[in-house]
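K.L.:
what shape does this take:
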Amino acid sequence: MERIGVEISDIGVLAAGGAPPALMPTDGEALESPGIALVAGRKQVLYGVEAQRQARLMPRQVNDRFWSQLGTHPVSGQPAGAANYAEMAFAHLRAIRERIGGKAAWSMATPAFLDPNRLGILLGIAQELQVQVVGLCSLAVAAMPAEEPNRIAYHVDVHQHEVELTRLSIGERVALDKTQVLPRQGHDALMDALCRLVANEFVRATRYDPLHQAATEQQLYGQLLAILREGRADTASNVEIQTGRTAYAMAVLPQMLLEAAASIRGAIVEAIREAVEQATEPSVSLWLSHRAVWVPGLVQELRGLAGVRLVTLPRGAAAFGALAMAEEAGGADASGSVPFLVSRLRGAPGVPPPIRDGEPEEADDTTGISPIGMPPVPDDEPQPAPTHLLLGHRAWPLADAVWWLGVDAEGTGMDAARDAEANRLSRRLGSVRMEDGAVRFRPEPDAVLDLDGQPVQGPVPLRPGAVLRAEGVVGECRTIVVERDANG
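P.N.:
Got it, this is the predicted structure:
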């Protein structure tokens, strides 16, 4: 019988199968089906990608905890077929089964939040769906890389509402020791922090608040989610909000994402630092799931820890691992019970090769999302010069022109003009020009400005992402890099 490895996470359920094994679409053409349910009407409940695309439009109708709190207790106000979390999980898995094919046997890798009681409910759901389960295993163990020289490893995973840090002992077998849970530090809190911070920056730059209406909040959420999952968190990315009559645009800078992610990143790094200090081995390995790599700045910060070998795992590593572990699981016994595996042979066949720190992986053809998330940039790579000035929703190309920053004709907001048109400014604040391949700002003697929060006291170079503000002037000027595609 055909077998499929299924990786359960409330951020997204993945599946791997076929010969040779490959990730399979689980939700339309998407490779991950988010654990989100949206009550769209009295008798209509949306799941997965469709629910995620509308979640900010109807936040009170959204449930994204039916996996992490899987149970049979009634949930008030829910329609038939979604009366409790088990029914929601059933409907979600039914849609996934229909997408990947209903006849294959499943070997499932599950996170720590699915405790033994919840695993029993999961097996009951599978039985109701007439899915033959041939294996259950720990997600952290299943995600094991094919190569692992150390005797201790920690698997770091981010789920919707928590982070799991799992310690594994490595000898002839890779065995689960224990899992530390960091509550309230999951993907959901990260996205909320990102939306709030970027919305505040939007207000400062354009005077428009994208959180004012549900429709524009959904636009902001979707674009920020894409920035993380497409690995664009370390470069400036333009975000555009359509209001029907007007379009507002702003560059989302790496510094903004780093600031918004400070809480979850700090909690993860601190927990890992404590774990590494308590380890008796001179070196330990960190296996970062693709969901953990989405956290802005996490890979870069962990790379600086001493005594750590960092490995970023490919998307679906646990799905591939579960598929490989199906033979070892052996299926259900005579009573119908399925063993839960918490160890596996070291370097077992069928495990995808690890992605070493700094080695990019090809983007997914079906979604355009890179499994790696954020490939690190070598420290010695030269930083490009800014190509544009961004004021509000307008970007001005620097090229070889001399630009003047100043105050608009109304005398309140920041504006920019080419040297030949500078007379339209009511007051000049300083000039911006390219000099020997670099961009420099020269302030006017009477202008009071700050650059990235520090007073400007003379000519200063401008790097990508620099922010200039003037005392008593509304708005700000940012420097950004706009990359050209292969066609120019």
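
K.L.:
shaky segments in this structure?
P.N.:
Along the chain, the parts satisfying pLDDT under 70 run over 329-337, 348-383, 393, 400, 483-488.

K.L.:
spatially central residue for it, please.
P.N.:
Trp294 (3.4 Å; C-alpha atoms, centre = their mean).

K.L.:
from Arg265, how far off is that one?
P.N.:
11 Å (C-beta to C-beta, to the nearest Å). Using the backbone N, CA and C atoms, a C-beta is placed for each residue, glycine as well.

K.L.:
pretty sure the residue nearest to the centre of the chain contacts Val158?
P.N.:
Yes - with contact defined as C-beta atoms under 8 Å, Trp294 counts as touching Val158 (7.1 Å).

K.L.:
identify the contacts common to those two.
P.N.:
His187 (C-beta atoms under 8 Å, 6 or more residues apart in numbering).

K.L.:
what is Leu176 paired to in the beta sheet?
P.N.:
Leu168 (DSSP bridges).

K.L.:
what's the separation between it and Gly307?
P.N.:
To Gly307, Leu176 is 22 Å away according to C-beta to C-beta.

K.L.:
show me which of those two is the more surrounded one.
P.N.:
The neighbour comparison of Leu176 against Gly307 (other C-beta atoms under 10 Å) goes to Leu176, with 20 against 12.

K.L.:
ok, the more buried one touching Leu341?
P.N.:
No - in this structure, Leu176 is not within contact of Leu341 by C-beta under 8 Å, at 9.2 Å.

K.L.:
need the overlap of contacts for the two.
P.N.:
By C-beta under 8 Å, 6+ apart, Leu176 and Leu341 have these common neighbours: 138, 141.

K.L.:
so Gly81 touches Glu87, yeah?
P.N.:
Yes - with contacts counted by C-beta under 8 Å, Gly81 reaches Glu87, the gap being 5.9 Å.

K.L.:
out of the two, which sits in the more crowded spot?
P.N.:
Taking neighbours as other C-beta under 10 Å, Gly81 and Glu87 compare with Glu87 leading, 21 against 12.

K.L.:
OK, contacts around that one?
P.N.:
Gly81.

K.L.:
which of the helices or strands spans it?
P.N.:
Taking DSSP states H and E as the criterion, Glu87 maps to helix 85-100.

K.L.:
repeat for Gly244
P.N.:
Per DSSP H and E, there is no helix or strand for Gly244.

K.L.:
how much space between it and Tyr208?
P.N.:
For Gly244, the distance to Tyr208 equals 12 Å [C-beta to C-beta].

K.L.:
who has more neighbours, the two?
P.N.:
Tyr208 (17 against 8).

K.L.:
you'd agree that one is up against Phe202?
P.N.:
Yes - contact status for Tyr208 versus Phe202: in contact at 6.2 Å, counting by C-beta under 8 Å.

K.L.:
what residues do those two have in common as contacts?
P.N.:
Overlap of the contact sets of Tyr208 and Phe202 (by C-beta under 8 Å, 6+ apart) consists of 241, 248.

K.L.:
hey, where'd the strands end up in the stretch 301-450 of the chain?
P.N.:
Counting by DSSP state E, counting those that start in this stretch, the stretch 301-450 of the chain has strands at residues 308-312, 340-341, 343-345, 355-356, 388-391, 394-397, 403-407, 414-418, 427-435, 438-443, 449-451.

K.L.:
and those, which is most packed in?
P.N.:
strand 403-407 (a mean of 23; mean count of other C-beta atoms under 10 Å).

K.L.:
listing partners with orientation, what would you give for that one?
P.N.:
Here strand 403-407 is paired, per DSSP bridges, with strand 414-418 (antiparallel), strand 427-435 (antiparallel).

K.L.:
tell me where the protein has helices.
P.N.:
49-54, 85-100, 116-128, 139-142, 187-206, 214-229, 254-260, 262-278, 290-293, 298-303, 317-329 (DSSP state H).

K.L.:
list the buried ones in the longest one?
P.N.:
What that stands for is helix 187-206. Neighbour-count burial for helix 187-206 flags 187-191, 193-195, 197-199, 201-202, 205-206 (criterion: 16 or more other C-beta atoms under 10 Å).
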